[in-house]
Each structure stands twice: as C-alpha cells, then as structure tokens.
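> sequence first, then the predicted structure, then my questions.
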Amino acid sequence: MKFGIVVIVSFLFLAMLLPGLAGSAAPGDYDECILESMKGVKSDLAARSIIMSCRNRFPDKPKRKLESRALSFNEMLQITGKARFWGSSLGDDFSGRIYNGNSDITVSEITIQITTIIGGKEITRLYRDDVTIEPQTAGYFGFDILEGDKEADYSWAISGAKGY
C-alpha cells in the first residue's frame, strides 16, 4: 500500500514539474509570444485573444521619456498649421492641426499666442499644449481659452515649441 502511495505522489510531483520544464522553451518576450501563438490561427477573434494574452504576459516596458528642448529659430520655421476658435455652450475651445516639417525632431510641446478683443481691449495670451508630432507628420492640438467679445476676431501664432 505504501508503495502505491509513493508511486501516486511521485506521479503527481512529475505532473507538476513537467509543465515548468516545458515552460523553459516558452517565449521570452511579446514578439516571440505572438509568433509562437499565431501559428495556424485563421480567426480574427482568436488572433485578438492571443494579442491580448501576450500583452498581459509581456506588458509594455515603460519608455524612457526623452528630454525635450526648446526648438531653434530654424526648427520653428518648419512648423506650420491651421487653427480656429470653436466657442460653444460646451466650452471655448481653440484647436488646430500642426505640421512638423522637421526631418529629425518630434515636437512634444507647442505654445500658441492668441490675440483677441476682451472688454474692448486687445489682449494677447499664451497657451501651451503637450503634443507628440513626429517628424514630417501632422498632429492636433487644442485647449480652452478665454472667449473674446461677441464677434471678436482671433489671431494666433506659434510662439514656441519643444521637442526631442
């Protein structure tokens, strides 16, 4: 009887140990997990489940935030765009689209100077927005501003930017 118990316990021990040993050949990162798990998969639903499972198993490593710096005058000349005021009952939103014409700089912050008439006086204010606009691509910015007088015009300019 004792011999039978020893055999059963040994079998259970090996049954628990073998998957762990097989796991030593398991994928070491997200890409390997995807490549190994997607073999023979033909369903979009199964593929999405595999992607989610691999992402849970290998979460994104925190990306090192690059140090931003103020862009030079020549780098600033490569940034253009269009914007407008969208005043409504939901808020006083000023937003637009910026094109980063630089070939080697990602724009990480944009400073916009907005001039309008408030209380009959011309007022100029600076507004900043964190953005990520990669080289030679366009991206959006937007923020709430103080609304000018009824039917006041708004002029704007890019007064500064940071990037890396």
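Arrived safely, thanks for sending. Numbering: from 1, shown residues only.

> for this protein, which segments count as helices?
Counting by DSSP state H, one finds helices in the chain at the ranges 2-22, 30-37, 44-57, 73-76.

> so, low pLDDT: which residues of this structure?
1-25, 61-65, 87-91 (pLDDT under 70).

> and it, what are its domains?
With domains defined by automatic domain parsing, the chain comprises 2-57, 69-163.

> what would these look like in CSV with mean neighbour count?
In short, each C-beta sits where N, CA and C put it, glycine included. As requested, those are exported to CSV (neighbours: other C-beta atoms under 10 Å):
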stretch, mean neighbour count
domain 2-57, 11
domain 69-163, 15
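
> where exactly do the strands run in this structure?
For the chain, the strands defined by DSSP state E occupy 69-70, 79-88, 91-100, 107-118, 121-133, 137-144, 155-163.

> which one, of these, ends up nearest to Gly28?
strand 121-133 (29.4 Å; C-beta to C-beta).

> partners of the closest one, with directions?
strand 107-118 (antiparallel) (DSSP bridges).

> pull the contacting residues for the most centrally placed residue in the chain.
Central residue of the chain (C-alpha atoms, centre = their mean): Thr132, 7.7 Å from the mean position. With contact taken as C-beta atoms under 8 Å, 6 or more residues apart in numbering, Thr132 is in contact with Thr106, Val107, Ser108, Gly139.

> and the furthest pair within these?
Ser108 and Gly139 (10.7 Å).

> how much space is there between the residue nearest to the centre of the chain and Gly163?
10 Å (C-beta to C-beta, to the nearest Å).

> got any residues that touch both of those two?
Thr106, Val107, Ser108.

> wait, doesn't the last one sit right on Glu67?
No - contact criterion C-beta atoms under 8 Å: Ser108 and Glu67 do not qualify, at 9.7 Å.

> which neighbours do the two share?
With C-beta under 8 Å, 6+ apart, Ser108 and Glu67 have common neighbours Tyr164.

> how about the contacts made by the nearest residue to Gly142 once chain neighbours are set aside?
Leaving aside its sequence neighbours, Gly142 sits nearest to Ser95 (C-beta to C-beta, 6 or more residues apart in numbering; 3.2 Å). Going by C-beta under 8 Å, 6+ apart, Ser95 touches Ala83, Arg84, Trp86, Tyr140, Phe141, Gly142, Phe143.

> then Gln113?
Thr124, Arg125, Leu126, Trp156, Ala157, Ile158, Ser159.

> ok, so of those, who is nearest Gln78?
Distances from Gln78 to those, taken by C-beta to C-beta, are shortest for Ile158, at 10.7 Å.
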